[in-house]
Structure formats: C-alpha cells, structure tokens
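Enquirer: sequence? don't have it. structure:
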C-alpha cells in the first residue's frame, strides 16, 4: 500500500512502529486497559501509528499527545487543508506525521476506505496492538491475513 499524501515528519516512517487498532464497539472492561497501554507506550517513547478514528482511538491519541514520542496518524480519507492548532504545533515540533493512501478528493471515511487505511498501517507497522476486535468483524478478518506479531490488550 502506497502513501499518496503526507504532512509532517516523513522520517518517522523509518522508526520501529506499533499499530494500534480497535473496533468501534469496545467492552467497558477493555477501555481502561487501552488507556493504560497508551500511557505505557508514551512513557517508553514508542512510535504509534493509528487512524485515531473511533472514540477509543481518539482517547488513546489524547494520552499519547501528552508525551513527546513520535505519532503517525493514518487517515481513511484525503488530507484536509485546515489543521487544528494542537495538531499544527505537534507537526511543527517534528513529532507528528499524517499520512493517507488517498488523494484529496476522497472526502469521506467509508468502511472500504477504513479497510484500506488499516491495511496500510499493518503493512507499515513492525507490530500490532489490538484493543479489541469484534468477532466476525472487518478488523478481525484483516488481522487473520497478517503474519506480523499481534498483541491483544487484556
């Protein structure tokens, strides 16, 4: 899978990366474990790549942004022209990279674009951490296709 567009520090792709993936619906028992995982990754300075799209992924991003480790955001749509100030600051500091396998004309996230983005993240990552994968869901099926190390947060 090829990156079509990016903004930020492209050299972050050279680092060892852990992909964080999580189904949209997460059991309550997993939520705090994902937060603890994010804090642990932040404290270890690990580079995390994720779509940060679902609520739990957004929460993980919140915890990661409090540190100074590298973060890669993978979009399931094209890049937008306008960035929120917090993101711009992190880009300026060189600790953030935003990538997408789509052109700017892809404006909406769909199930298909999310699958393409998730596959790209898995291809780029050295290892995969999964908050939760719904049984029979798209994420579970995608994970079955990789030979990479998968760690389930429990």
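Expert: Cool, the structure landed. What you see is a predicted model; the values in this text were computed from it and never measured.
Enquirer: So which helix or strand of the chain has the lowest pLDDT on average?
Expert: helix 85-92 (a mean of 86; mean pLDDT, DSSP states H and E).
Enquirer: and that helix, which residues are buried?
Expert: Neighbour-count burial for helix 85-92, counted by 16 or more other Cβ atoms under 10 Å, picks out 87, 90-91. C-beta here means a position set from N, CA and C on the backbone, and glycine is covered the same way.
Enquirer: which one of those sits closest to residue 63?
Expert: residue 90 (13.9 Å; Cβ to Cβ).
Enquirer: got a list of what the closest one touches?
Expert: By Cβ atoms under 8 Å, 6 or more residues apart in numbering, the contact set of residue 90 is 65, 71, 96.
Enquirer: of all those, which comes closest to residue 31?
Expert: For these, the nearest to residue 31 is residue 65 (18.0 Å; Cβ to Cβ).
Enquirer: per-residue confidence at that closest one?
Expert: Looking at residue 65, its pLDDT stands at 95.
Enquirer: If you count contacts, what does the longest helix seen in the chain end up packed against?
Expert: Longest helix of the chain, by residue count under DSSP state H: helix 28-44. Here helix 28-44 touches strand 17-21, helix 55-65, going by 3 or more Cβ pairs under 8 Å, 6 or more residues apart in numbering; DSSP states H and E.
Enquirer: what's the next helix or strand after that helix in contact with?
Expert: Once the chain leaves helix 28-44, the next helix or strand it forms, by DSSP states H and E, is strand 47-50. Here strand 47-50 makes contact (Cβ under 8 Å, 6+ apart) with 12, 15-21, 38, 41, 57, 60-61, 64, 69-74, 121, 124-125.
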